[in-house]
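>>> What follows is a predicted structure for the sequence shown.
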Amino acid sequence: MAIDRVFLRTSDDCITVYAHRNEIYGDARDIRVTNSTLWADVAHAMFIGIHGNSIDPEIIERVSFDNIDVVSVDEDDPEYEGVMAITAGDSNLVRDISFSNIRVDRIEEGKLFNFHVGYNAKYNTSPGRGIERVTLRNISYTGEGMPSPSVIYGYDKDRGVKDVLIENLTIAGRKATDAEGADLAVGDFVQDVR
């Protein structure tokens, strides 16, 4: 599936990729979002993984966002903040995800990115199975607004996050060379963040 050259201003998530939701079942694969402009008055610009099928687990894989301009994002729920967000819930396995050539102008409230395996009784019936192989490449944030630190964390030793590559991240014109410069907090059950 391809989404190309869209402008979206929404009062919830701009673009989401789920597995099972309501009457729709099955894996989500091979989704490309390109050459677009996103503006989320509330919630995420790009959000992957929260909904799935805990009884018959599904996979979300090979999802890419490339050449995206984000005008503004405002999300005040810390667990879900993230211009680019992956929340593996409902026994989903999320893997092979890429965010490249993403330019973020303003974050009213929130995080630049948030990748975690989670469980929230309001939205889920189980935690996700994990997040694997995520790439962020050529990401820039102007530094406008008041974001909180980006986060990466797993749920437990069997449901973690592994293999995250961050290449060429700039915040307010400064290239990030370490977690501190990236304003990144890496939590428990995470392996191989480079």
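Received the coordinates, thanks. Numbers count the residues shown, from 1 in each chain.

>>> so what's residue 193 bridging to?
residue 164 (DSSP bridges).

>>> From residue 54, how far off is it?
27 Å (CB to CB, to the nearest Å). The C-beta positions use only the backbone N, C-alpha and C, and glycine is treated the same way.

>>> which SSE is residue 106 in?
strand 93-110 (DSSP states H and E).

>>> What about the nearest residue to residue 183 once chain neighbours are set aside, how many residues nearby?
Excluding the flanking residues, the one nearest residue 183 by CB to CB, 6 or more residues apart in numbering is residue 149, at 4.8 Å. Applying other CB atoms under 10 Å, we find 14 residues neighbouring residue 149.

>>> which residues does residue 149 contact?
Residues in contact with residue 149 (CB atoms under 8 Å, 6 or more residues apart in numbering) are 111, 183, 184, 185.

>>> Return the members of the residues you listed classed as buried.
Neighbour-count burial (16 or more other CB atoms under 10 Å) applied to the contacts of residue 149 gives 111, 183, 184.

>>> And the pLDDT at the closest residue to the first one other than its chain neighbours?
Taking CB to CB, 6+ apart, and ignoring the residues beside it in sequence, residue 111 has residue 81 as its nearest neighbour in space, at 4.3 Å. What the model reports as pLDDT for residue 81 is 92.

>>> Residue 81 against residue 109, yeah?
Yes. Using CB atoms under 8 Å, residue 81 is in contact with residue 109, at 7.3 Å.

>>> circling back: can you list the strands that the strand holding residue 106 pairs with?
Paired strands of strand 93-110, defined by DSSP bridges, are strand 59-74 (parallel), strand 130-147 (parallel).

>>> Past the first one, which element shows up next along the chain?
Stepping forward along the backbone from strand 59-74, the first helix or strand reached (DSSP H and E) is strand 84-88.

>>> Number of residues surrounding residue 141?
For residue 141, the number of neighbouring residues by other CB under 10 Å comes to 25.

>>> How much space separates it from residue 48?
Taking CB to CB, one finds residue 141 at 19 Å from residue 48.

>>> repeat for residue 59
12 Å.

>>> higher neighbour count, these two?
Just comparing residue 59 and residue 48: by other CB under 10 Å the higher neighbour count belongs to residue 48, 28 against 17.

>>> hang on, that one packs against residue 60?
Yes. Using CB under 8 Å, residue 48 is in contact with residue 60, at 6.1 Å.

>>> so what's in contact with those two at the same time?
17, 18, 94.

>>> isn't the first one right up against residue 61?
If I follow you right, that is residue 17. No. Using CB under 8 Å as the test, residue 17 is too far from residue 61 to be in contact (9.9 Å).

>>> Who is the closest residue to residue 145 other than its chain neighbours paired with across the strands?
Spatially, and ignoring its direct neighbours in sequence, residue 145 is nearest to residue 107 (4.1 Å; CB to CB, 6+ apart). As for beta bridges, residue 107 partners with residue 73, residue 145 under DSSP bridges.
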